[in-house]
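> Would you be able to build a 3D model of this:
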Amino acid sequence: MLAHEALKLENKVGTMLPCNVVVQDVGDGRTEVAAIDPISSMQAIENAGLNRSAEQVSAKLKKFIEAL
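Here you go, the predicted model:
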């Protein structure tokens, strides 16, 4: 839903969507989570609405990572 909102705010956002997360098995029963900082990523685009969306995504991402 947040990705859809970002695309409505800025149709050229493409792969810079503020919700890119990669989860992978790194062996020995360990999992690695890598995430793009949505606020830093969206600074490349001048769109106040998109920046607010990135802040929302950042807060949700932070909660998720802290819960791991």
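> My reading is that Val22 lies in a strand. Confirm?
Yes: with DSSP: H, G, I helix; E, B strand; the rest coil as the criterion, Val22 is part of a strand.
> That one contacts Thr31, doesn't it?
No: taking C-beta atoms under 8 Å as the definition, Val22 is not a contact partner of Thr31, at 10.8 Å. Using the backbone N, CA and C atoms, a C-beta is placed for each residue, glycine as well.
> who does the longest helix seen in the chain touch, helix- and strand-wise?
The residue-count maximum for a helix in the chain (DSSP state H) belongs to helix 48-67. Where contact means 3 or more C-beta pairs under 8 Å, 6 or more residues apart in numbering; DSSP states H and E, helix 48-67 is packed against helix 2-9, strand 30-35, helix 38-42.
> which of these has the lowest average pLDDT?
Among the helices and strands packed on helix 48-67, helix 2-9 has the lowest mean pLDDT, at a mean of 72.
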